[in-house]
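>>> make a model of this:
(3 chains)
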Amino acid sequence: MLSQKLALGDVLSGLALALLSVYIISASLSWSVIGEMGPGPGFFPILYAAVMLPASLWLLVRGMRGPRPATAAVEPAEDDAEADGEGGGTQAALATWLALAVTVPVMSLAGFVAGCFGLSFFVAKVVFRRSLLASTLSSAGIALGLYVLFQVLLDVDLPAGLIGGR
Amino acid sequence: MDVISGLAHGFGVALGPANLMWCFVGCFLGTVIGIIPGLGPAATIAILLPVTYNMDPTGGIIMLCGIYYGAKYGGSTTSILLKMPGEASSVISCMDGYEMARKGRAGPALGIAAISSFVAGTVGVVLLSFLAPPIAEFALSFSSPEYFALMLMGLSLVVLLAGDDIVKTVLSLLLGLWLTSIGTDLFTAQTRFTFGQISLLDGIDFMSLAIGVFAISEIMLSIEARERVRLLTIPKGFKNLLPSLEELKACRFAFLNGSITGFIIGVLPGAGSTISSFVAYGVEKAVSRHPERFGTGVPEGLAAPEGANNADTGGALLPVLTLGIPGGSSTAILMSALVLWGVRPGPLLMTQQPDIFWGLVASMYVGNVVLLIMNLPLIGLFTQILRVPLYVLFPIIMGVAIAGAYGVSGNMFGVGLLAAFGLLGYGMQKLGFPAAPLILGFVLGDSMERALRQSLTMSNGDPSILVARPISAVLLALAALILLSPLLRRLRNRQRGPAPGLPTA
Amino acid sequence: MALLKRLAGAMLALCAGLGAAHAEDWTPRRTVNVVVHTGPGAGGDAFARAVINVIEKEKLSTARFVVVNKTGGGSTNAINFVASKEGDDTTLAVYASNWTTDYLVQKDAMTSLQSLTPLANLIFEPALLVVRADSPFKTLKDFIDAAKAAPNKYKQAGGTPLGRDAMLRHILVAHTGAQWPLVSFPSGGERLSAILGGHVETLVLDGSEVGDFIESGKLRALAQVSDVRVPTFPKDVPTIKEAGYDIRIPLQPRGIVGPPKMSPAAAEYYRKLFAKVIETPSWKKYVEETRVQTSYIAADDLAAFLAKIADGTRNALKSANIEVIR
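Numbering: from 1, shown residues only, chains lettered A, B, ... in the order given. Alright, predicted model coming up:
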């Protein structure tokens, strides 16, 4: 899918997981592996990391040899995107995620309602290209509706902002 | 008092107008909080506890228990419709439940979840009424080596959850094992993999992980696929709101499997309903004649775990009522409620306070009927959620997910994790890593590590304790059988020839 | 849940319970948040709710008290949260023994319990050291002698190594030269099934967990983990000291503190409030049912008491080879 010569995704994920297993093993060795009262905190992580390391290296090597013919078949999302013939789908998905990630600091600063409004507005206006009015109305409705549902009706605490506001 | 007269007495208590009302109130509240992620039965019972102080203890415990098993009913609703589990025990219901909804069978999926919950919930209560004392003894015979074998058997189910790429499946599982060991080690108070974050000291919350990996990544995938108009087909007509006869027939074994698996694992104080739902799903797939279709929306793949997490309630209440041993946080609170009312759960409860014991047991029969009657008409209403346009629906899902993650963790760090796991789930999907093994590893890893270390501490380091005991030996043999099952199946199919291996259902 | 709670309340026809307004100089004008370090239902949370329940039932205050669960890192998130509320008169916290311990071993715990505003210690939770009813050990001496003769043969079920039960094991081991391992289980339920199933030999059971295990003949108590005999425990069971082991008993105190720099008027209000709480019939009923001991320590003596607990814990941790950072 990405390259004919090597499956880049497999290589990168294999590499990342191999590094992770090395990290797990080195961290575990710094703790007690077998203590006087039985196995220590490093015991179990070493066990699974010892399987993880060869498995990830296998994936890495396999990826360098090229994509497996069998795997390309089952990925519905990909098929749809290709059928659509548009390249912007991935960008839209990542932009949505970025908006969610940005919402975290926004909420810590300005509270749940503001953060939820911003996120909803972004999704409606930018991702789904709704009109300004529809986006504003729906976002305000969602933010306030969830606030009423959780904070008022169910008494579940929502993130409160540093500068006030829920 | 024998069981029949005890039950007769119990129904007399449970069907009294006041207790019937409390049963209804509890079931209703349970359904509501089950639907909402981040608001679980344990917290709700704790919050409502003071309100019940002035109530008659029987009515109080009937209501609080209604919340407990009602939440299991409600938990699957959002799993099916939005791929957002409402409770931890409904995570695996996302697999086939959501796929059914995608195929336009949202109504039948909800119906199957409700019916399976009803059947298994009732079987669980029947077993609780008739087999309580011997099963309590059985539960006590489970020690750490047995738990280790059980968890290992659970992990071996991964070969059944696997996609066609076994390396990626195993890596996904191992990543789950790593994620679950983040936090403070129980045995030594050593912090592991916390990167200096206070919020990680208690580990990663399961709901942040499950909602991130399933719901958030699903939103990203649909946006990417430009399903801008409509995510799911909306069912039309009454016929499409309820499961068909064929679908129910396909679930026959799943009802039984869910009931038995859920009950047995529910009885064990060290397991829990999330594990029982996973095991029931695995068993269902292991014995299925068309395992390859699991994960594409087969009704039995939904019925088995939904049944299991409801039969689990009968099982989990058994050690509480007969031994005074709570297995999970919900049952622990129910027990502290009983103690506050001056009722001592334990071996003497059944004989000394038959009103409470049999009243509660009978109310659970009633409650399951109430829940079924309450849930079936709601199906029509719930499926309307799918009519909501996506630019409104997606922000609502994300908003609810944020509120849930915040509610569970109590800080914004939990929300940050939710976002991170959303990206992880999306990335895994794009790179061809299945998500279910990650979740399975996360659920089982912690218990497995504990059971292993407990066993080795008990035996002073001698590993033979793991295989030398009869129950653990049987479970380990089962694990081996499950691990080999894909191989066996291939052999069998080869003998039969390729064609009859795939019967249509 | 507020609405549903109110609804259920109305159904019960509960009186609003506003009570007669007292002529106090200072009363809370807002909802009082009671911070606990556990999730709903666990020890600290259950205790806080029980105290609030007494206040509401006996109409001791006009204010509404709600529990705020700040879990994370044992008590660390909770104590840091309380410290951040400096000068706030409507935040309280319920502490337990780990509020002392965590500060000593976790570098992320920036605040010591002693630096908060002391209000009152309310209870000590006593415990029983138990074995299975069919165990060969009839006395604590039987068990310890056996564990001396066969080191690491017998096991004790427990939780975290920082817990009171683990401390007790360690102090006993150090005092007697016997040796037995602690097997950790995350929940009380699992510990109980381990001993009832005969997979471990002994267990330290908190008063509130005792239930009817002793009366129904499933477990036998060898010793009371308390300095004095507890009236709600079986009469014939000696304390550890009476059983012949003169050791420092690790305490499990629970009480109330406020944020640093709470106003003196507010602190005075809460002190009077909790002094009243322990005198009420509802409180006495609670104490009886959960087998805890009222141990009221007034605010003036509380700081010294907490400092003493911290010193004792520090010594026990050090001798248990657990790294103490403060």
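>>> which residues in the chain form strands?
This is for chain A. For chain A, the strands defined by DSSP state E occupy A:34-35, A:38-39.
>>> the intended chain is chain B.
Here chain B has its strands, by DSSP E, at B:183-184, B:191-192.
>>> where does chain A have its least confident helix or strand?
Lowest on mean pLDDT, DSSP states H and E among the helices and strands of chain A sits helix A:76-84, with a mean of 41.
>>> how close does B:Gly399 sit to A:Asp157?
Using CB to CB, to the nearest Å, B:Gly399 is found at 15 Å from A:Asp157. Backbone N, C-alpha and C define where each C-beta goes, glycine included.
>>> kindly apply the preceding question to B:Gly107 instead.
Taking CB to CB as the measure, B:Gly107 falls 35 Å from A:Asp157.
>>> of the two, who's got more company?
B:Gly107 (26 against 16; other CB atoms under 10 Å in any protein chain shown).
>>> C:Ile240 touches C:Ala127, doesn't it?
No: counting by CB atoms under 8 Å, C:Ala127 is not a contact partner of C:Ile240; they are 10.2 Å apart.
>>> common neighbours of those two, please.
Common neighbours of C:Ile240 and C:Ala127 are listed as C:Gln224, C:Val225 (criterion: CB atoms under 8 Å, 6 or more residues apart in numbering or on different chains).
>>> neighbour count: those two, which is higher?
The neighbour count for C:Ile240 versus C:Ala127, taken as other CB under 10 Å, is higher for C:Ala127 (28 against 22).
>>> give me the beta-bridge partners of the more buried one?
C:Ala127 has these beta-bridge partners by DSSP bridges: C:Asp206, C:Val225.
>>> contact partners for it?
Contacts of C:Ala127 (CB under 8 Å, 6+ apart): C:Arg164, C:Asp165, C:Val204, C:Leu205, C:Asp206, C:Gly207, C:Gln224, C:Val225, C:Ser226, C:Gln252.
>>> what about the third one, neighbour count?
Counted by other CB under 10 Å, the residues lying close to C:Val204 total 25.
>>> swap in the first one?
Residues contacting C:Arg164 under the criterion other CB under 10 Å number 24.
>>> so it sits right up against C:Val204, yeah?
Yes: shown here, C:Arg164 and C:Val204 form a contact pair, counting by CB under 8 Å, at 7.2 Å.
>>> what about the strands in the stretch 151-300 of chain C?
C:156-158, C:182-184, C:202-206, C:219-225, C:253-258, C:293-298 (DSSP state E, counting those that start in this stretch).
>>> could I get these in TSV, plus columns for mean pLDDT?
Output for the strands of the stretch 151-300 of chain C, formatted as TSV (pLDDT from 0 to 100):
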stretch	mean pLDDT
strand C:156-158	93
strand C:182-184	92
strand C:202-206	92
strand C:219-225	94
strand C:253-258	94
strand C:293-298	91
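>>> in TSV, list the ones you listed along with distance to B:Leu424.
Shown next, in TSV, are the strands of the stretch 151-300 of chain C (distance: least, CB to CB, whole Å):
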stretch	distance to B:Leu424
strand C:156-158	35
strand C:182-184	30
strand C:202-206	40
strand C:219-225	46
strand C:253-258	40
strand C:293-298	49
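>>> figure out which of those is closest to B:Met412.
With CB to CB as the criterion, B:Met412 lies closest to strand C:253-258 of those, at 25.4 Å.
>>> contact partners for residue 39?
Reading this off chain A. The contact partners of A:Pro39, taken as CB under 8 Å, 6+ apart, are A:Val33, B:Leu452, B:Arg453, B:Leu456, B:Thr457, B:Gly461.
>>> hmm, I had chain B in mind actually
By CB under 8 Å, 6+ apart, the neighbours of B:Leu39 are A:Leu154, A:Val156, B:Ile33, B:Gly404, B:Gly407, C:Met1.
>>> hmm, back to that, shared neighbours, C:Arg164 and C:Val204?
Listed as contacting both C:Arg164 and C:Val204 by CB under 8 Å, 6+ apart are C:Ala127, C:Val225.
>>> now for the contacts of B:Leu39, which pair is the farthest apart?
Distance extremes for the contacts of B:Leu39: the farthest pair is B:Gly404 and C:Met1 at 14.6 Å, using CB to CB.
>>> comparing the two, which residue is more hemmed in?
Ranked by neighbour count (other CB under 10 Å), B:Gly404 and C:Met1 place B:Gly404 first, with 28 against 19.
>>> please report the number of neighbouring residues for the closest residue to that one other than its chain neighbours.
Leaving aside its chain neighbours, B:Gly404 sits nearest to B:Gly38 (2.7 Å; criterion: CB to CB, 6 or more residues apart in numbering or on different chains). The number of residues packed near B:Gly38 is 26, by other CB under 10 Å.
>>> give me the phi and psi angles of B:Gly38.
Dihedral angles of B:Gly38 (phi, psi; degrees, to the nearest 10) stand at phi 90, psi -10.
>>> show me which residues of stretch C:141-154 are buried.
If you call a residue buried by 16 or more other CB atoms under 10 Å in any protein chain shown, then stretch C:141-154 has these buried ones: C:Phe143, C:Ile144, C:Ala146, C:Ala147, C:Asn152, C:Tyr154.
>>> where's the dip in pLDDT among these?
Across the set of the buried residues of stretch C:141-154, C:Asn152 stands lowest in pLDDT, at 90.
>>> distance of that one relative to chain B?
Distance, C:Asn152 to chain B, by CB to the nearest CB, to the nearest Å: 6 Å.
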